[in-house]
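K.L.:
Curious how this folds, go ahead:
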Amino acid sequence: MTGVDELDPVIHAAVRLRITATLATVPGDGSMSFPRLQELLDLTAGNLATHLRKLEEAGYVTVEKAHRGRVPVTYLALTTTGRRAFEDYTATLRSILDPAG
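P.N.:
Numbering: from 1, shown residues only. As a prediction, the model looks like this:
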């Protein structure tokens, strides 16, 4: 039997779950800009940055800083580990919600 204690605590925080779920929609090795993710999730820059740091420390998200012309831009993407952790998280959650499944 699968329990809530088996859910990944890094992803389980509501904002981090929303971040990983959103980044999981980006195909393949693609990335999303920080402002776009901030807009989609309706978060302050500070709140988003704090949660991204936790995900980056866990190896779930890559943060790439670049320039578009003279404008700095930050791109975010799930790592292979992060994508797998999100898939495992959702599978565990499904088994909790439908144990007869």
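K.L.:
Any regions of this structure where pLDDT drops low?
P.N.:
For the chain, the stretches with pLDDT under 70 are 1-3, 101.
K.L.:
Now do the same contact list for the residue nearest the centre of it.
P.N.:
By CA atoms, centre = their mean, the mean C-alpha position of the chain lies nearest to T20, the distance being 2.0 Å. By CB atoms under 8 Å, 6 or more residues apart in numbering, the residues touching T20 are 11, 55, 60-61, 78, 82, 85-86, 89. Glycine gets a C-beta too; all of them are placed from N, C-alpha and C.
K.L.:
Dump these into TSV; add secondary structure as well.
P.N.:
Formatted as TSV, the contacts of T20 follow (DSSP: H, G, I helix; E, B strand; the rest coil):
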residue	secondary structure
I11	helix
L55	helix
Y60	coil
V61	strand
L78	strand
G82	helix
A85	helix
F86	helix
Y89	helix
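K.L.:
out of the residues you listed, who's nearest S33?
P.N.:
S33 lies nearest to V61 out of these, by CB to CB, at 13.4 Å.
K.L.:
Now L41: closest residue in space that isn't a chain neighbour?
P.N.:
R18 (5.5 Å; CB to CB, 6 or more residues apart in numbering).
K.L.:
check which helix or strand covers E39.
P.N.:
Element membership of E39 [criterion: DSSP states H and E] is helix 34-41.
K.L.:
List the buried residues for that helix?
P.N.:
34, 37-38 (16 or more other CB atoms under 10 Å).
K.L.:
and which of those residues is nearest L7?
P.N.:
Distances from L7 to the buried residues of helix 34-41, taken by CB to CB, are shortest for L37, at 22.4 Å.
K.L.:
so who does the closest one touch?
P.N.:
19, 22-23, 48, 76.
K.L.:
about what we covered before: D5: which of the buried residues of helix 34-41 is nearest?
P.N.:
For the buried residues of helix 34-41, the nearest to D5 is L37 (29.1 Å; CB to CB).
K.L.:
Now for T22, which secondary structure element holds it?
P.N.:
Going by DSSP H and E, T22 is in helix 14-23.
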